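[1] Pasting the sequence and the predicted coordinates here, then a few questions.
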Amino acid sequence: MTVTTLHQQTSTHFMKSRLSADNLTLKHGKVSIIEHLTVSLPEGKVTAIVGPNGCGKSTLLNGLSRVHSPSTGAVLLDGKDIHSLPSKEVARRLALLPQDTLAPDGITIEELIRFGRHPHQSLLKQWAMDDQEAIQYALHAADLIGLKDRLLDTLSGGQRQRAWIAMSIAQETPLLLLDEPTSALDLGHQIEVFELIRDLSRQGKTLAMVVHDLPSACRYSDHIIAMKKGEIITQGSPKDVMTKELVRELYGVECDLIPDPMTGSPILINMKRVRN
Amino acid sequence: MINQSLSITHPADTVSAPSGHYLLSLGRHMTILIEKHAIIRNIGLLILLSCACIATLAIGTMPISPKDVIAVLLGHGDAMSQFIVQDLRLPRLLAALFTGAAFSLAGCLMQTMARNRLATPGIIGIDNAAMAFAVSSVVGMGISLAPSAMALAGAATATALAFGLAGGSGTRGYRFIVAGIGIGAIAGAVTQLLLSQVSIDVANSAYPWTVGSLSARDPFMVNLLGAGIALCLIACLLFSTQFALMPFSDQVITGLGANIRHIRILALVLCVTLTGLAVAVAGPVGLVALAGPEIARVLARYRGIPLISSALTGALVMVLADLFGRTILSPIELPVGIVTAVVGGPYLIWILIRRTSRTSL
Amino acid sequence: MISWFQTPPSQRPLFRVFVSALLVLALCCFCSLLLGAGGLSPQASFQTLLGNGSSDDQFTVFHLRTTRTLVGVFVGLTLGIAGAMMQSVARNPLAEPGLLGVSAGSSFAVALTLVLGASTATLTVGVAQFGALLGCLCVLGVARMQGQQNDPIRLVLAGAALSSLLFAITSLILLFDQRAADEIRFWVTGSVAGRDIQTLLSVLPSMLMAALCILYVAKPLASLALGERVAIGLGHKPKRIRAVVIVAVALLVGGATAIAGPVAFIGLVVPFAARALVGPDIRRTLWLCLPLGPIIVIAADVVSRLVAQPAEMPLGVLTAIIGAPVLLLIVRSRRMPTL
């Protein structure tokens, strides 16, 4: 309880933001996953959305990226209702990397990345200089130059995930939403993807990602949104937000937090499951 | 004339086409990408198809040499061969070409949309409904419309029912597909009912409509189908970049700024139009819709969605199947639907029992 | 009564539901004896049942309608049970002998023997059962190979494809034989009218075998519903269970098809209704399928006699009309996998 009241003040701070949700309600069939939620993503920063399974993190991300239509409220992109904007126009400003990444058979890395240019192309403008440059850049940023002609299904999990991120990079959007970009990756590949995300943020992009691992969320994000049962219980910078009380409230886990000796970001130790 | 503005660019210091493509620049702001492989593939298929067509026109109870066939097609040739080729064989060839292309194109679209190579318009009941209507027309039942028109009406009714009952297309068109299977089962039962109520002679006259045949087709429907295919092919080309997104998940498609609902509905409309028209001409020859796209995919090395190639392979399969059916047991003529079933059947069984490979389609 | 609806299906008293279903079945059979397309009024039929009818009436009621009712009971019983078994082993609510091409395999085999010189009257049940077995193997083989990605739609598509293929080949065979074509077009519609009691008796031994099979697998099937690995962990042998089920289904469907022709959708509707009444446990569902199958077939048969008087609407058409909406209901009630 104390956590909630303490951080309600910080969340009311005005933040400069291009993407926000206003009084958003999202339903699966008749079940409300998220009710009357208001949130905005701070510009130029990496936002991590954390919370226990089934708390509505992915649903929120889908709602913010217009994949899931709201029952009430609206998602605002640059101040306008995202559903009122032309879909291609939105896709030039906002990219989404979903969890379920199903690709056509027999597609190469370069071909996959080329699909990222779809919102910039039209029937009579199928290829231009900017397309070529964007793809070169994406290949470079995701360190895939040497692999560009490989088939997607012959790659390792980490390489494949980088290829999907490269596709989103090629979309050249100022905003990028990622749904569990590191799930099912081993430690090395996780770090690889997180470092790529941080690089993108340094170039001025606004990113939001759903993450399960709390220490990584703290380490690689500038802003944390903690969710439980479809509600935001607190948000703010990792150092302010990440407390023993929060971990207990989110996951029912008792733990101690110590700062990482090198980076200062919190590390969880001595974890015990408790019953709320 | 065009040479001035049209240039095929190769690696240069400015824009170069992505690997495996030709870049067609028409002026400054119009650029079109064409896949090299698709060009070679489709030209090859066209050549094969032309050979098959000439063979079809040449072979028959009155053989005509290929040279004479070409002569007739170019407008000369003696009266006799002109009559045989132009009035007897050409209409049937056109019917085969158009129906094959239509079935196959429709199959390719639906398979891609459902991400399942078994999902073809015929298997989900459109053929069955068209068959039930056509048979009811032949059998009488107080209706005396042309069976072709009835088949078209049947296909349209089945689609409308399936769409209405399923409440839209559903995820990947699944609900629509299952609704279609249900309606197809009812239509199949109704056909059996109709056939059991009449004398064997009437049942025999309805027979071509239950298996699919190309003999003595309604020329008006053939022309209508030809026009339909032309329009649908243009639509496919116009929306090819959108259709190319269909294999991705819904979230990716939306994320890339395309409207999934519109793409799916457009694909369904094209499928149904093509299948309806084709069934109205030839009756249910559903296996072409299964085999045509499959061959096209193999030729395209499983890259992209080979819509044009599917149409060409479908036409090729149909022309060859009809040629085979006409000649193999001559003078008995096997309906084309039977030939495709016998040839395509083992292949279908193979798809069914084969272990699923890495390709999910 | 209200409290009964509030109880979850899996906790309702099976015995009471079963007995009420038996009562409904008795009522249906009674109606089936009384009502019909012939000139015989229900009152006259009733008098005949009491022993006061003319010899013609007695023939109609005791011979024609009784046989027909018995055949209906048999067909409903076998197809309902077969459907429940298939759905359980394929772990797929859409698995149904008619939809999956088992009936088609069976009728294909029958068509083949007709062309080779048999006639529907002397048809051996074994042929139909063998055809059913082949169809079953073919289509459940697909279900097995899907592994974890067991997608209900995929199985149904495979069944539809198999059915359409077998239909085309049957057409080809019939093209060469007018006599067979003439004979089969009546049989292939699926009907319980005008069948012979002798045929019914000749099927009974194989039904006994099927019943033994079912008794053997009922319990392991319930654990198989939890997944293959769990079943192995509980000490069952999934492969053997599946093989036994396939044999049982083939015996049942083949027997029903030999008598009544392909009747679609019974195997879908009956287990669906049974699950709605007593929950998903196969041991409970199977019990309820026993009376529910005959109820649905006989009710459909009575309706088919009445709707198109003086002609009759074949049973197969009517069951398809009942079954298709249930199919849609099942699909709409589940979240379909996006694959």
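    Ah, there it is.
[2] what's the offset of the helix or strand where B:Ala101 lies from the middle of its chain?
    Taking DSSP states H and E as the definition, one finds B:Ala101 inside helix B:90-114. The chain centroid and the centroid of helix B:90-114 are separated by 1 Å, computed with C-alpha atoms, centre = their mean, to the nearest Å.
[3] Which strands or helices does the helix or strand following it pack on?
    Following the chain from helix B:90-114 toward its C-terminal end, the next helix or strand by DSSP H and E is helix B:126-139. With contacts defined as 3 or more C-beta pairs under 8 Å, 6 or more residues apart in numbering or on different chains; DSSP states H and E, the packing partners of helix B:126-139 are helix B:147-166, helix B:174-197, helix B:200-211, helix B:260-282. C-beta here means a position set from N, CA and C on the backbone, and glycine is covered the same way.
[4] Tell me the helix or strand right after the shortest one.
    In the C-terminal direction, the helix or strand that comes right after helix B:200-211 (DSSP H and E) is helix B:219-238.
[5] Next one: that following helix, is it in contact with chain A?
    Yes. Contact of helix B:219-238 with chain A is found when judged by C-beta under 8 Å from any C-beta of the partner chain, involving B:Leu238.
[6] Setting aside sequence neighbours, what's the nearest residue to the residue of the stretch 251-361 of chain B at minimum distance from chain C?
    Relative to chain C, the nearest point of the stretch 251-361 of chain B is B:Ala341 (3.2 Å; C-beta to the nearest C-beta). Here the nearest residue to B:Ala341 in space, its sequence neighbours aside, is C:Ala168; by C-beta to C-beta, 6 or more residues apart in numbering or on different chains that works out to 3.2 Å.
[7] check contacts around that neighbour.
    The contact partners of C:Ala168, taken as C-beta atoms under 8 Å, 6 or more residues apart in numbering or on different chains, are B:211, B:287, B:337-338, B:341-342, B:345.
[8] Next: B:Val222.
    B:91, B:94-95, B:98, B:281.
[9] Can you say which helix or strand has the residue of the stretch 1-150 of chain A found nearest chain C in it?
    At 7.4 Å from chain C, A:Asp100 is the closest residue in the stretch 1-150 of chain A, using C-beta to the nearest C-beta. Taking DSSP H and E as the criterion, no element holds A:Asp100; it sits outside all helices and strands.
[10] hmm, back to that, closest one to C:Arg284 among the helices and strands packed on helix B:126-139?
    Nearest to C:Arg284 among the helices and strands packed on helix B:126-139 is helix B:174-197; the distance by C-beta to C-beta comes to 26.7 Å.
[11] what number of residues lie near B:His37?
    17 (other C-beta atoms under 10 Å in any protein chain shown).
[12] who in chain A is up against chain C?
    Residues of chain A that fall close to chain C, judged by C-beta under 8 Å from any C-beta: A:100, A:102.
[13] Please identify the nearest residue in space to the residue nearest the centre of chain C, excluding sequence neighbours.
    With distances taken as C-alpha atoms, centre = their mean, C:Leu79 lies nearest the centre of chain C, 1.9 Å away. Beyond its immediate neighbours in the sequence, the residue positioned closest to C:Leu79 (C-beta to C-beta, 6+ apart) is C:Ile266, lying 3.9 Å away.
[14] and the one you found, what does it touch?
    Contact analysis of C:Ile266 by C-beta under 8 Å, 6+ apart lists C:75-76, C:79-80, C:83, C:98, C:293, C:296-297, C:319, C:323.
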